[in-house]
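> Need a 3D model of the following:
(2 chains)
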Amino acid sequence: GAVVSQHPSWVICKSGTSVKIECRSLDFQATTMFWYRQFPKQSLMLMATSNEGSKATYEQGVEKDKFLINHASLTLSTLTVTSAHPEDSSFYICSAASTSGNPYNEQFFGPGTRLTVL
Amino acid sequence: GEDVEQSLFLSVREGDSSVINCTYTDSSSTYLYWYKQEPGAGLQLLTYIFSNMDMKQDQRLTVLLNKKDKHLSLRIADTQTGDSAIYFCAEIAQAGTALIFGKGTTLSVSS
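This next block holds a predicted model:
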């Protein structure tokens, strides 16, 4: 299957700093990328949907000024957590999908990024 | 909005069969999926089923779909300790939209 990478896999930062997480589709062009957040022992909660070249669509309750998403190319989307606070500590997972040649609507998931804010 | 429900825990002995159940509310779901997540890792797609199918078998995995009752199950035959993980069911209504996940079922396999 297709490969999606995330970088970094684990980041620790001080409260008040900003952190950028990259999500890359390595062997296919992702027309749509999704960002999820997962708290310990809980399900994945969709944060936002981003289509290449357009503004991300955020889910209700997700602050778009705090979680900046950029999907500048068909292989790269970034999530920037601005002015991070301890309550932002979580596991952030991206997924990527292509609308062409994807009969099963399959999304390919990255390995996740664990963010710890001190 | 759409909702997906799963039982939270399942404990089985090695060699037994495991059955993980899921119910969903969105009648327009086109595909339903089972994902596996090992500790600290991302999600691995195990299998999927199209909404006009009743059953799909893939080696040790059998997926049953009762569309009338909006019930999905995953059966793992001859469960191994390596199957211990969290299993998520998810559904999608149309291409380009996000997956709706259940809360996940933690499967614990004892030897």
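> Up against chain B, what does chain A have?
Residues of chain A lying near chain B by CB under 8 Å from any CB of the partner chain: A:1, A:6, A:31-32, A:34, A:41-44, A:46, A:49, A:51, A:93, A:95, A:97, A:99, A:102, A:104-112, A:114. Heads up, the C-betas are built off the backbone N, CA and C, glycines and all.
> Show the buried residues in these.
Buried by 16 or more other CB atoms under 10 Å in any protein chain shown: A:6, A:31-32, A:34, A:43-44, A:46, A:49, A:51, A:93, A:95, A:97, A:102, A:105-112, out of the residues of chain A next to chain B.
> just checking, which of these belong to strands?
A:6, A:32, A:34, A:44, A:46, A:49, A:51, A:93, A:95, A:97, A:108-109 (DSSP state E).
> Let me see the contact set for residue 21.
Picking chain A for this. A:6-8, A:11, A:78-81, A:92, A:94, A:113, A:115 (CB atoms under 8 Å, 6 or more residues apart in numbering or on different chains).
> other chain: chain B
Applying CB under 8 Å, 6+ apart to B:Asn21 gives the contacts B:6-7, B:71-73.
> Report the beta-bridge partner residues of B:Gln44.
B:Lys36 (DSSP bridges).
> was I right about it contacting B:Tyr33?
No - under the criterion of CB atoms under 8 Å, B:Gln44 makes no contact with B:Tyr33, lying 10.9 Å away.
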